[in-house]
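Asks: Sequence and predicted structure are below.
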Amino acid sequence: MFKLFVVASLLVGACFTRPNPADCADGSCGDPSLPFCDVGGEVRGQENTCIAVACTPGEVETCRRDELIRCNAAGNNFDVVACERGCDPVIGCLSCTASAQCTNPSPICDDTTHACRACVADDECASRVCTNGACEEEARVVYVASGAGSAASCSQSDPCSLPTAISRAVVSTPQPLVRMLPGAYNAQLNLESVTNEPLRVVATGATMVATVGAGGPITVVKGGRLEFRSGALLGGMFCGTPSSPRSRLALRDVSIQQTGWNGVNCDFEILRADITLTGSITTGDDFTLVFDRVRMRAVARSSLIQMNGQRGKVRVTNSILEDMNFSAECSSACNNSFEMAFSTVVLDQALDAQLLGCADTNAVPGTWSASYENNIFASIGPPPPLGGNVFRGKSVNCTLRNNIMFPQPTPIAGNPAVDPQFVNVAGRDYHLMPASPARDAAVPSSANLGTDHDLEGTARPQGPRSDLGAYELAP
């Protein structure tokens, strides 16, 4: 009897000392229904406890210091992943904590997502130059500072003068990029020789002021090719030289205040710019001028785009022109052409000189041409003279196709004379109201005047058809 009692007592004692199946102090969970050991209580708040799991595969649950707790592929347990650069309970494992851990084509560590991304601003890059989302190598850049001397090394720590940087860049192979550091520059940017490739100049934070008695801030002649980006320009410009290799000047993402510019034998392109004009834009022989995503306002009532030479071409798309006139007319067989599409032209006063039109100086067909397509022309000030029409006489050399003209008491066939319904005329906001007749009203563009974006870069169309004018209204 005594032996039986001892055995029974031992059996009862064994029942009371059996381990808790939910305890995982030893790091393991033996019950398949409680597969995950919540070591620090990060998931359920109870340390060293085995817990049941039902989750969405791949979903981040939380972090355990520098480890990621993430739902497994079956959705019935958590995987624990070591994070080299730290863990965030929302993002998961961090891809980076500093831009030094990133490389092109994604050179910047984003402060919010902690993932490497493309650069969007020049000063995000150590070289202070971002090109198409990639940071330029500092060794491929020559640096310029206002007031610097010619003997400097043109490095970022020892920048040189603008003339020195240009002269060094054009003779170097491969040709470096010129970075004008922030500041006001009185020196001219003169490019006076043939370049095998366009000379690129980035001027974020820099302002170029026309030198007194020396002309405008930029001159490109004798076959030079220049791409200038992101600076401010005060003063006129000149491009091209007769009887020499063709020159090219491209301005992008710039602010311009100037008295006007002119040139010959040149391709002049302006993309994404804000321009205040006090003079006129004059094209000479063999001069091509392209505007896209430009907002230009004339502060002198006589300002215009005027084609004075021969074989010239002007093309304007996705732009706003305020208080300007334009002319492709000529008194001989000049073969000039003016094209405008998906742009908004507004006048806030009633001077006859500022009215838009295609009147004839020479009525011979084929000597010049002007094409206006899918634009908005509107007078927002006192009623225009000449019968109150915003658009005057039409020439045999002029094509007017599907443009809103307002007011236009004398309608021109195929061009609606209706109020375009701008958002805020007084505030110079020429976006379209939702009920605007310009919405979804474009006709298929001719081969040379099509566009897939608006002034702000919004894709066209946002509806069944593109909107008229400079802005595409997103639904």
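Replies: Thanks, I have the structure now. These numbers come from a predicted model, not from an experiment.

Asks: So which residues of the stretch 251-400 of the chain form strands?
Replies: Remark: strands assigned in the stretch 251-400 of the chain by DSSP state E, counting those that start in this stretch are 266-283, 287-298, 304-307, 313-317, 320-322, 325-327, 336-341, 344-347, 368-373, 376-379, 398-401.

Asks: For Pro434, list the residues it contacts.
Replies: Leu473 (C-beta atoms under 8 Å, 6 or more residues apart in numbering). Where you see a C-beta, it was placed from the backbone N, CA and C, and this is true even at glycine.

Asks: Tell me how far it lies from Ala232.
Replies: Look at Pro434 and Ala232: by C-beta to C-beta, to the nearest Å, they are 35 Å apart.

Asks: still on that earlier bit, by mean pLDDT, show me the worst of the strands of the stretch 251-400 of the chain.
Replies: Comparing mean pLDDT across those, the weakest is strand 325-327, with a mean of 73.

Asks: related to what we said a few turns ago, I'd like to know which of the strands of the stretch 251-400 of the chain is closest to Asn72.
Replies: If you check each of the strands of the stretch 251-400 of the chain against Asn72 by C-beta to C-beta, strand 266-283 wins as the nearest, at 48.6 Å.

Asks: partners of the closest one, with directions?
Replies: Next to strand 266-283 in the sheet, as set by DSSP bridges, lie strand 247-263 (parallel), strand 287-298 (parallel), strand 304-307 (parallel).

Asks: Centre of the chain to the first one, how far?
Replies: Taking the mean of its C-alpha atoms, strand 247-263 sits 18 Å from the chain's own mean (C-alpha atoms, centre = their mean, to the nearest Å).

Asks: got it, and stretch 241-250?
Replies: Between the centre of stretch 241-250 and the centre of its host chain there is 27 Å, according to C-alpha atoms, centre = their mean.

Asks: Same check on stretch 135-143?
Replies: Distance, centroid of stretch 135-143 to centroid of chain: 22 Å (C-alpha atoms, centre = their mean).

Asks: Could I get the buried residue list for that stretch?
Replies: 135-136, 141-143 (16 or more other C-beta atoms under 10 Å).

Asks: Report the mean confidence score over it.
Replies: The average pLDDT for stretch 135-143 rounds to 96.

Asks: related to what we said a few turns ago, dump the buried residues of stretch 135-143 into a markdown table; add secondary structure and distance to Thr278 as well.
Replies: Below are the buried residues of stretch 135-143 laid out as a markdown table (DSSP: H, G, I helix; E, B strand; the rest coil; distance: C-beta to C-beta, whole Å):
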| residue | secondary structure | distance to Thr278 |
| --- | --- | --- |
| Cys135 | strand | 38 |
| Glu136 | coil | 35 |
| Val141 | strand | 34 |
| Val142 | strand | 33 |
| Tyr143 | strand | 32 |
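
Asks: farthest-separated two in those?
Replies: Within the buried residues of stretch 135-143, two members stand farthest from each other by C-beta to C-beta: Cys135 and Val142, at 16.2 Å.

Asks: related to what we said a few turns ago, ok, the buried residues of stretch 135-143 vs Gln257, which is closest?
Replies: Of all those, Gln257 sits closest to Tyr143, with 25.7 Å by C-beta to C-beta.

Asks: Can you name the residues that contact the closest residue to that closest one other than its chain neighbours?
Replies: What sits nearest to Tyr143 in space, not counting adjacent residues and going by C-beta to C-beta, 6 or more residues apart in numbering, is Pro159, at 4.1 Å. By C-beta under 8 Å, 6+ apart, the contact set of Pro159 is 143-145, 148, 152, 181.

Asks: Got the phi and psi for Pro159?
Replies: phi -70, psi 160 (degrees, to the nearest 10).

Asks: and what of Leu432?
Replies: Main-chain torsions, Leu432, degrees, to the nearest 10: phi -90, psi 140.

Asks: Grab the nearest non-local neighbour of it.
Replies: Leu432 sits nearest to Leu473 (C-beta to C-beta, 6+ apart), 4.9 Å away.

Asks: Check whether the one you found sits in a helix, strand or coil.
Replies: coil (DSSP: H, G, I helix; E, B strand; the rest coil).

Asks: quick one: low-confidence ranges for the protein?
Replies: Applying pLDDT under 70 to the chain flags residues 1-19, 211-215, 301-303, 327-332, 349-357, 359-366, 385-386, 393.

Asks: and Gly450, how far is that from Ala459?
Replies: To Ala459, Gly450 is 13 Å away according to C-beta to C-beta.

Asks: With Asn77 instead?
Replies: Asn77 is 44 Å from Ala459, by C-beta to C-beta.

Asks: For those two, indicate the residue with more neighbours.
Replies: Per other C-beta atoms under 10 Å, whichever of Asn77 and Ala459 has more neighbours is Asn77, with 17 against 11.

Asks: Sweet, I'm off.
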